[in-house]
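> Fold the following for me, if possible:
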Amino acid sequence: MESLIYSWQEDQEERKQEKKPQLKSRRSILQIAPDSFNPSRLKTYGIELIADTEDGYITGASVDLELGELQEKIGKFINEQYGGNKVAQIWEVMDGKKS
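Sure thing, here's the model as predicted:
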């Protein structure tokens, strides 16, 4: 996930240098446990749900380029703290921009 955040930050810097408007949010694609994670819970991770599929892929958007809330939940999961157990059902976070 660090490489995704770094890529977003680089994109913002390039846009700044090119005098383009800064992006207000970034789109991402998440792969989740399709039978156990409710996509509407993404809001608690600072991610707005755009679309979801039955096979566990979600398109979301975040105004937080650091994905701070998601990273905080991951930290809680790693440290076995209250509030982090559901984040394990998010398997992957990918950049949602078109290549």
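
> So which elements touch the longest helix along the chain?
In the chain, with assignment by DSSP state H, the single longest helix is helix 2-17. Contact here means 3 or more Cβ pairs under 8 Å, 6 or more residues apart in numbering; DSSP states H and E; on that basis helix 2-17 packs against strand 90-95. In short, each C-beta sits where N, CA and C put it, glycine included.

> What pairs with the strand it packs on, parallel or antiparallel?
strand 26-32 (antiparallel) (DSSP bridges).

> Just give me the neighbour total for S3.
Neighbour count of S3, defined by other Cβ atoms under 10 Å: 8.

> Isn't I90 up against P39?
No - using Cβ atoms under 8 Å as the test, I90 is too far from P39 to be in contact (10.4 Å).

> The two: which is more packed in?
Using other Cβ under 10 Å as the criterion, I90 and P39 rank with I90 on top: 23 against 19.

> List the residues that contact that one.
With contacts defined as Cβ atoms under 8 Å, 6 or more residues apart in numbering, the neighbours of I90 are L30, Q31, I32, A33, F37, Y45, L70.
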